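Participant: got a sequence here, can you model it:
(one chain, ligands or ions: 2)
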Amino acid sequence: MSPETNHDLVARLAARLGPAGLLTAESDVAPYAVDWRRLFPGRPACVARPASTGEVAEVVRLCREAGAAIVPQGGNTGLAGGAAPDRSGTQVVLSLGRMAAIRAVDPVGLTLTAEAGCVLRTAQDAAAAVNRVLPISFAAEGSAMVGGVVATNAGGLNVVRHGMTRANVLGLEVVLADGSVVAGLRALRKDNAGYDWKQLFVGSEGTLGVITAAVLRLSARPRHVATALLAVPDPEAALRLFTLAQDELGEAIQAFELISGLSLALVARHGGPRNPLGPSPWYVLVEAASSLPALREAAEAVLGAALEQGDAQDGVLAESGQQAAGLWALREGITEAEAKEGRGVKHDVSVPIAAIPAFLAAADRALADKLPGARPNAFGHMGDGNIHYNVLATADQAGEAVNAVVHDVVEAFGGSISAEHGIGQYRAAELVRRRTPEEIALARRIKAALDPEGLLNPGKVLPL
Ligand code: 2HG
Ligand code: ZN
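Facilitator: Ligands and ions are numbered 1, 2, ... in the order given. Model (predicted):
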């Protein structure tokens, strides 16, 4: 796109969206130009901030006429650079932040309909106000927006019980690359009429269409919640505890997190909350929830059994919601603490749950062999097989080299190189290396069918 086309496009967008709908000054654009970790600094032509689905469609049409690429963006909390523009100065960031309405909440049918720019926590609060739960939850929920949550198929803390975002999307409204609006905001539990096209857009990271609103599934709000932090000697013990919790608490388990001792040491070092347990090589944070009155007794019995069989050396069962929140603050403080500690090379991987201990041992060995001095820091959603095997690397260890070592081990265990964060631009090249040519060719055919001109978030998910 030439500078003149660029200039024309910005003028047209300004005329269509008005002053509140378009940002061009460098200081206004800056927060939208780079991802949260500041790994992918970009330079967009402008930031369009449409206030309605009709305006989103108009932005897409104007960009298409000008041949300008569009980078959809929600809360910009992603960890894969999926919402950051490139440095060409020609891409238009399409921020959904002004489309923040909750269109409907149905406590009987258990659904909530929200626009893409609605902050996840606002949607959770709206569900709580009618005594229901929106069961998608993760550390960035105070900034992440519904559109981005759906577009990245975000995972998080409750996947063990409620599945990924994908499992909680009932309907979508999407603007396609040609500017047409597909209205599929059906609030139905059962809808088996034809292709389930909405699932194509869930996890497509803005490369197939722009999600403008979603119908999300709500759940009953459990009356009792039991949250416990346990100090465990090793990942094998944690895995035995997972089985124990499955046997004794069953479907009430809504989170089962594995946390390394280093993770909580980093949280403490960087001003995080106090760890009520002593130092330990590993911890498990487990939460169960049910409306049945016997939950607490059952949780106490599990904790007792865990201590007795030696798989936990110490443990605390939260006495109040506030104490439970304190335990969660430890877990949710890890990402920021790691960022303050220095250069962390992230890996968001999954392996079969039962293979987690062997995977961790093999990855530690491979790292010690091939990249001496690199410090692994593993934590994550053990109940879903998802480990954030992050590596505090030395200055001379290139990120790609660290990725290769870790991902080779992941591949040997039949795992995935992105369990929940998506691909963005961070993992696009790696995806092509780690999936079969047939899978990549299929993905390219889907992309070509929906975005033949390649204007939607180019270079994300699939490399150019
Ligand atoms: C979490 O589980 C997030 O806290 C972030 O997915 C993980 O910082 C990370 O690597
Ligand atoms: Zn995670």
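Participant: what mean pLDDT does the host helix or strand of residue 149 have?
Facilitator: Using DSSP states H and E, the element containing residue 149 is helix 146-151. Along helix 146-151, the predicted confidence averages to a pLDDT of 98.
Participant: what's the answer for stretch 428-435, then?
Facilitator: 97.
Participant: surely residue 71 is within a strand?
Facilitator: Yes. The assignment for residue 71 (DSSP: H, G, I helix; E, B strand; the rest coil) places it in a strand.
Participant: now for it, how many residues are close by?
Facilitator: The burial metric for residue 71, expressed as a neighbour count using other C-beta atoms under 10 Å, is 25. Bear in mind the C-beta positions are built from the backbone N, C-alpha and C, glycine included.
Participant: out of everything not next to it in sequence, what's closest to it?
Facilitator: In this structure, residue 71 finds its nearest non-sequential neighbour in residue 85, 4.6 Å apart by C-beta to C-beta, 6 or more residues apart in numbering.
Participant: for the protein, which residue gets nearest to ligand 1?
Facilitator: Closest approach between the chain and ligand 1, counting by C-beta to the nearest ligand atom: residue 335, at 3.4 Å.
Participant: now that residue: closest residue in space, sequence neighbours ignored.
Facilitator: On the basis of C-beta to C-beta, 6+ apart, the spatially nearest residue to residue 335 that is not a chain neighbour turns out to be residue 139, at 6.0 Å.
Participant: from memory the one you found sits against residue 330, does it?
Facilitator: No. With contact defined as C-beta atoms under 8 Å, residue 139 does not reach residue 330; the gap is 11.3 Å.
Participant: hang on, the earlier thing: mind checking the SS state of the residue of the chain closest to ligand 1?
Facilitator: When the structure is split into helix, strand and coil by three-state DSSP, residue 335 lands in helix.
Participant: just give me the neighbour total for it.
Facilitator: 22.
Participant: and the helices in the stretch 1-150 of the chain?
Facilitator: Secondary structure of the stretch 1-150 of the chain (DSSP state H, counting those that start in this stretch): helices at 3-17, 26-29, 53-66, 120-128, 146-151.
Participant: could you say which of the ones you listed is packed most deeply?
Facilitator: Mean neighbour count, computed with mean count of other C-beta atoms under 10 Å, is highest for helix 146-151 among those, reaching a mean of 30.
Participant: what's the helix or strand just after it in contact with?
Facilitator: For helix 146-151, the following helix or strand on the C-terminal side (DSSP H and E) is helix 159-162. Applying C-beta atoms under 8 Å, 6 or more residues apart in numbering, the contact partners of helix 159-162 are 135-136, 168, 219, 251, 253-256, 381, 383-384, 386, 420.
Participant: take those and keep only those in strands.
Facilitator: Judged by DSSP state E, strands contain the following of the contacts of helix 159-162: 219, 253-256, 381, 386.
Participant: mind putting those residues into JSON lines with distance to residue 432 and pLDDT?
Facilitator: Listed next are the ones in strands among the contacts of helix 159-162 as JSON lines, based on distance: C-beta to C-beta, whole Å; pLDDT from 0 to 100:
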{"residue": "219", "distance to residue 432": "37", "pLDDT": "97"}
{"residue": "253", "distance to residue 432": "36", "pLDDT": "98"}
{"residue": "254", "distance to residue 432": "35", "pLDDT": "97"}
{"residue": "255", "distance to residue 432": "33", "pLDDT": "98"}
{"residue": "256", "distance to residue 432": "33", "pLDDT": "98"}
{"residue": "381", "distance to residue 432": "26", "pLDDT": "98"}
{"residue": "386", "distance to residue 432": "22", "pLDDT": "98"}
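Participant: adding distance to residue 30 and neighbour count, write the residues you listed out as TSV.
Facilitator: Shown next, in TSV, are those (distance: C-beta to C-beta, whole Å; neighbours: other C-beta atoms under 10 Å):
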residue	distance to residue 30	neighbour count
219	39	17
253	43	22
254	38	26
255	36	23
256	39	25
381	33	24
386	33	27
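Participant: of these, which is the nearest to residue 35?
Facilitator: The shortest approach to residue 35 among these belongs to residue 386, at 20.8 Å (C-beta to C-beta).
Participant: count of neighbours near the residue nearest to that closest one when sequence neighbours are not counted?
Facilitator: The spatial neighbour of residue 386 that comes closest, neighbours along the chain excluded (C-beta to C-beta, 6+ apart), is residue 419 at 3.9 Å. Other residues lying near residue 419 total 23 when counted by other C-beta under 10 Å.
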